[in-house]
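Student: model this:
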Amino acid sequence: MDMIAKALTISLIVVLVIILPSLFGDSVATHSPSVFAAIHYILQVIWRALQDIFQVGHHV
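Tutor: Numbering: from 1, shown residues only. Here you go, the predicted structure:
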């Protein structure tokens, strides 16, 4: 069950990384790098939090 959750989470993050920039379009990313940087930062925070959750769950 734990491996299924990890696979789904990783898949979700990959999809978000691919879809989010395309939703905003290349023009928004090039004209507003702060928007792209904010999205990138949020995804990094989510990724670190998920890694912490899985590490804590794995050690229990």
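
Student: Quick one: find the helix or strand in the protein with the lowest mean pLDDT.
Tutor: Within the chain, no helix or strand scores below helix 2-31, which has a mean of 69 by mean pLDDT, DSSP states H and E.

Student: if you average pLDDT over the next helix or strand after that helix, what comes out?
Tutor: As assigned by DSSP states H and E, the chain's next helix or strand after helix 2-31 is helix 33-59. Helix 33-59 comes out with an average pLDDT of 78.

Student: Helix 33-59 packs against which elements?
Tutor: Contacts defined by 3 or more CB pairs under 8 Å, 6 or more residues apart in numbering; DSSP states H and E place helix 33-59 against helix 2-31. Backbone N, C-alpha and C define where each C-beta goes, glycine included.

Student: I'd like to know how many residues surround Ser11.
Tutor: By other CB atoms under 10 Å, 10 other residues sit near Ser11.

Student: same deal with the one 4 residues further on?
Tutor: The number of residues packed near Val15 is 10, by other CB under 10 Å.

Student: what does Phe54 give?
Tutor: Neighbours of Phe54 using other CB under 10 Å come to 15.

Student: so it makes contact with Leu8?
Tutor: No: counting by CB atoms under 8 Å, Leu8 is not a contact partner of Phe54; they are 11.8 Å apart.

Student: separation between Phe54 and Gln44?
Tutor: Distance, Phe54 to Gln44, using CB to CB, to the nearest Å: 16 Å.

Student: er, Ala38 actually
Tutor: 11 Å.

Student: Distance of the spatially closest residue to Phe54 that is not a sequence neighbour relative to Phe36?
Tutor: Using CB to CB, 6 or more residues apart in numbering and skipping the chain neighbours, the partner closest in space to Phe54 is Lys6 (6.1 Å). To Phe36, Lys6 is 27 Å away according to CB to CB.

Student: Thank you, goodbye.
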